[in-house]
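Engineer: Okay, structure incoming, though there's no sequence with it:
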């Protein structure tokens with residue numbers, strides 16, 4: 001027998017032993033050594049790829065696992081590891097396709113149907129996502145996560161009564177009552193909660209950070225940050241200190257920085273702040289709830305910005321006086337809100353975003369001692385291919 005193949009087999013068995021004992025680095029080294037002696041061997045490729053996936057080396061795992069499933073298309077575990085490696089890198093369509101191939105071979109895996117459905121939803125394939133969630137529930141009717149995920153897709157499709165029923169079922173099965181109560185308020189049209197759960201906003205934007213600008217600016221044609229700042233950054237306009245609330249990846253910061261001595265950013269998402277830090281335009285970035293930051297900071301700003309932020313805040317009664325405290329005399333508070341009817345102060349929409357009325361903004365401004373420099377309605381971005389209007393507000397602190 002070929003001595004190289006004998007040695008490869010011994011190394012493969014050694015790798016299996018390490019893998020089963022949880023010694024993943026040792027397993028990786030053994031499988032790589034075996035592969036060097038027996039290139040293209042499907043079993044070695046599959047086990048190496050799965051090991052790399054378990055080591056969270058997803059980028060390295062993908063080409064190895066692609067070779068493995070090409071050599072042996074019947075290896076469900078390799079397909080699953082390939083799909084989950086794509087999922088970890090937010091390659092939603094590739095992830096869903098690979099998971100589906102694995103589930104064709106091994107269908108009794110509710111946790112993988114759930115992952116597949118979530119990837120299908122993220123890839124913009126709602127019908128395929130609903131099919132996957134239904135497969136989960138056929139195998140495990142008590143899956144609160146599947147009921148919740150199914151409700152999320154139905155909400156985005158505008159099937160609000162069906163979505164609400166799913167959220168109610170998820171709550172009954174032990175899902176987070178605060179979070180799902182928020183979802184229910186958006187779908188049932190009941191009384192709007194004063195604020196979203198912090199975990200919802202933080203998780204949403206941590207997951208969204210990698211694709212945030214491409215999705216918001218390129219797909220939704222968002223220009224709110226540009227239109228908000230347009231009257232504030234003309235020739236000769238300069239600011240001592242700018243505070244960028246909900247700064248995200250720095251869309252406002254990069255526009256205002258050339259007109260400011262220093263810019264400070266605040267955001268609830270650590271992942272968003274990492275993207276903003278790469279711009280090297282902020283004096284400081286603060287990972288904090290904006291109201292908590294405003295209440296504790298000793299900054300004195302002459303411009304406070306909040307572009308497309310209050311849609312994830314809700315009630316603004318505490319925010320306005322907190323901003324008023326940090327603004328220097330003559331300073332400006334500039335922000336956008338989605339427009340609600342004047343018959344109500346604010347409303348939680350089925351999109352899970354809040355809208356605020358002009359009457360509400362004017363009343364809070366007057367109560368907190370702001371003068372309204374301008375309050376105008378203009379497009380913000382596209383919503384289902386239609387322009388979505390917003391209110392652009394510019395409030396001033398009277399100069400002393």
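Structural biologist: Cool, the structure landed. Note that the structure is predicted; figures quoted are calculated from it, not measured. Numbering: from 1, shown residues only.

Engineer: Following the chain onward from the one helix or strand in the chain whose mean pLDDT sits lowest, which element is next?
Structural biologist: Lowest on mean pLDDT, DSSP states H and E among the helices and strands of the chain sits helix 212-213, with a mean of 58. For helix 212-213, the succeeding helix or strand toward the C-terminus, using DSSP states H and E, is helix 224-229.

Engineer: Which residues does the following helix or strand past that next one contact?
Structural biologist: Where DSSP H and E defines the elements, the next helix or strand beyond helix 224-229 is strand 239-245. Applying C-beta atoms under 8 Å, 6 or more residues apart in numbering, the contact partners of strand 239-245 are 250, 252-253, 256, 259-266, 282, 290, 294, 299-306, 309, 323, 326, 328, 335. Just so you know, the C-beta spots here come from the backbone N, C-alpha and C atoms, and that holds for glycine as well.

Engineer: which among those end up buried?
Structural biologist: 250, 252-253, 256, 259-260, 262-266, 282, 290, 294, 299, 301-306, 309, 323, 326, 328, 335 (16 or more other C-beta atoms under 10 Å).

Engineer: Of those residues, which belong to strands?
Structural biologist: Among the buried ones among the contacts of strand 239-245, DSSP state E puts 260, 262-266, 301-306, 328, 335 in strands.

Engineer: Low-confidence stretches in the stretch 251-400 of the chain?
Structural biologist: 382-386, 400 (pLDDT under 70).

Engineer: Sort out which residues of the helix ranked longest in the chain are buried, please.
Structural biologist: In the chain, assigned by DSSP state H, the helix with the most residues is helix 3-20. By neighbour count on 16+ other C-beta under 10 Å, the buried set for helix 3-20 is 8-9, 11-12, 14-15, 18-19.

Engineer: how much distance is there from the helix or strand following it to the middle of the chain?
Structural biologist: Following helix 3-20 in sequence order, the next helix or strand is helix 24-37 (DSSP H and E). Chain-centre distance of helix 24-37: 36 Å, with C-alpha atoms, centre = their mean, to the nearest Å.

Engineer: Ok, stretch 149-164 next?
Structural biologist: 19 Å.

Engineer: hang on, the earlier thing: what's the most distant pair in the ones in strands among the buried ones among the contacts of strand 239-245?
Structural biologist: Within these, two members stand farthest from each other by C-beta to C-beta: 262 and 335, at 20.0 Å.

Engineer: Relative to residue 111, how far out is residue 126?
Structural biologist: Going from residue 126 to residue 111 by C-beta to C-beta, to the nearest Å gives 21 Å.

Engineer: ok, and the closest non-adjacent residue to residue 26?
Structural biologist: Nearest in space to residue 26, with sequence neighbours left out and distances taken as C-beta to C-beta, 6 or more residues apart in numbering, is residue 18 at 4.1 Å.

Engineer: I meant residue 390, not that one.
Structural biologist: Once flanking residues are discounted, residue 390 sits nearest to residue 380: 3.7 Å by C-beta to C-beta, 6+ apart.

Engineer: cool, residue 121 as well?
Structural biologist: Residue 121 sits nearest to residue 129 (C-beta to C-beta, 6+ apart), 3.9 Å away.

Engineer: Which strand or helix spans the one you found?
Structural biologist: Secondary structure (DSSP H and E) places residue 129 in helix 126-139.

Engineer: can you pull the buried residues of that helix?
Structural biologist: Buried residues in helix 126-139, defined by neighbour count with 16+ other C-beta under 10 Å: 126, 128-130, 132-133, 135-137, 139.

Engineer: Would you reformat those as CSV and include distance to residue 179 and pLDDT?
Structural biologist: Putting the buried residues of helix 126-139 into CSV (distance: C-beta to C-beta, whole Å; pLDDT from 0 to 100) gives the following:
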residue, distance to residue 179, pLDDT
126, 21, 97
128, 25, 98
129, 19, 98
130, 21, 98
132, 21, 98
133, 18, 98
135, 24, 98
136, 19, 98
137, 20, 98
139, 24, 97
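
Engineer: Would you mind giving both backbone torsions of residue 72?
Structural biologist: phi -140, psi 90 (degrees, to the nearest 10).

Engineer: Show the contacting residues for the closest residue to it other than its chain neighbours.
Structural biologist: Closest residue in space to residue 72, ignoring its immediate chain neighbours: residue 42 at 3.9 Å, by C-beta to C-beta, 6+ apart. When contacts are counted by C-beta under 8 Å, 6+ apart, residue 42 is found next to 68, 71-72, 75.
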